[in-house]
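A.B. asks: need a structure here:
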Amino acid sequence: MQIAQNSVVSLIYTLQANNSEGEILQIATQENPLTFIYGHGHLLPSFEENIRGLEPGSSYEFALSYEEAYGPFDPESVLDVDIEIFHQTPEGEQMLFIDNVIPLMDQDGNRFEGRVIQIDENSVKMDFNHPLAGMTLFFTGSILDVRPASPEELAHGHVH
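C.D. replies: From the prediction side, this is the model:
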């Protein structure tokens, strides 16, 4: 079966920065493959486009520009946050260390994450860009399995 809309896909991959010589950023292995329903918005559309039509046993290798992936790095998404926000609870204070990714919520209840990049006496400098923003993403891998999604999986939007 070929990968198409509403198929359950299991695959392995290695994600590297820039090209086949770049730093390894993520790996999905045979023991812990990535399994998802194709065409349901769980992955980057450009990633899905590159694997469409492949069958079990097929290998793939492609690069996604930052425009096709998570967009450019936006310096305006690096902000100073009042440190007092984190001193309101013991848990908040424990989260304050460099490179920690902290889950936050705005006044409207929208959830987002920011990475701590600097801590000063009165503020915390946080990067709210996606961790892979501004990067070319290079994928290599292979398709392990493709099958039709069950009606239950389609109704729930995830693989069972």
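A.B. asks: wait, what's in contact with Ser7?
C.D. replies: Listed by Cβ atoms under 8 Å, 6 or more residues apart in numbering, the contact set of Ser7 reads Met1, Ile37, Tyr38, Val146, Arg147, Pro148, Ala149. (Glycine included, C-beta is placed from N, CA and C.)
A.B. asks: next one: Leu144
C.D. replies: Listed by Cβ under 8 Å, 6+ apart, the contact set of Leu144 reads Ser10, Leu11, Ile12, Gln30, Pro33, Pro56.
A.B. asks: name the SS class of the last one, please.
C.D. replies: Meaning Pro56. coil (DSSP: H, G, I helix; E, B strand; the rest coil).
A.B. asks: gap between it and Glu48?
C.D. replies: Look at Pro56 and Glu48: by Cβ to Cβ, to the nearest Å, they are 17 Å apart.
A.B. asks: skipping adjacent residues, who's closest to the residue in the chain sticking out farthest from the centre in space?
C.D. replies: The C-alpha centroid of the chain is most remote from Glu121, which lies 32.1 Å away (Cα atoms, centre = their mean). The shortest distance from Glu121 to any non-neighbouring residue, by Cβ to Cβ, 6 or more residues apart in numbering, is to Ile83 (7.4 Å).
A.B. asks: count the neighbours of that neighbour for me.
C.D. replies: Residues lying near Ile83 (other Cβ atoms under 10 Å) number 16.
A.B. asks: check which helix or strand covers the closest residue to Met95 other than its chain neighbours.
C.D. replies: Closest residue to Met95 apart from its sequence neighbours, by Cβ to Cβ, 6+ apart: Ile102 at 5.1 Å. Taking DSSP states H and E as the criterion, Ile102 maps to strand 101-105.
A.B. asks: if we can go back for a sec, what about the residue nearest to Met95, distance to Glu93?
C.D. replies: 12 Å.
A.B. asks: just Met126 next, same as before
C.D. replies: Counting by Cβ to Cβ - Met126 and Glu93 are separated by 15 Å.
A.B. asks: out of those two, which sits in the more crowded spot?
C.D. replies: Met126 (21 against 11).
A.B. asks: all set now, cheers.
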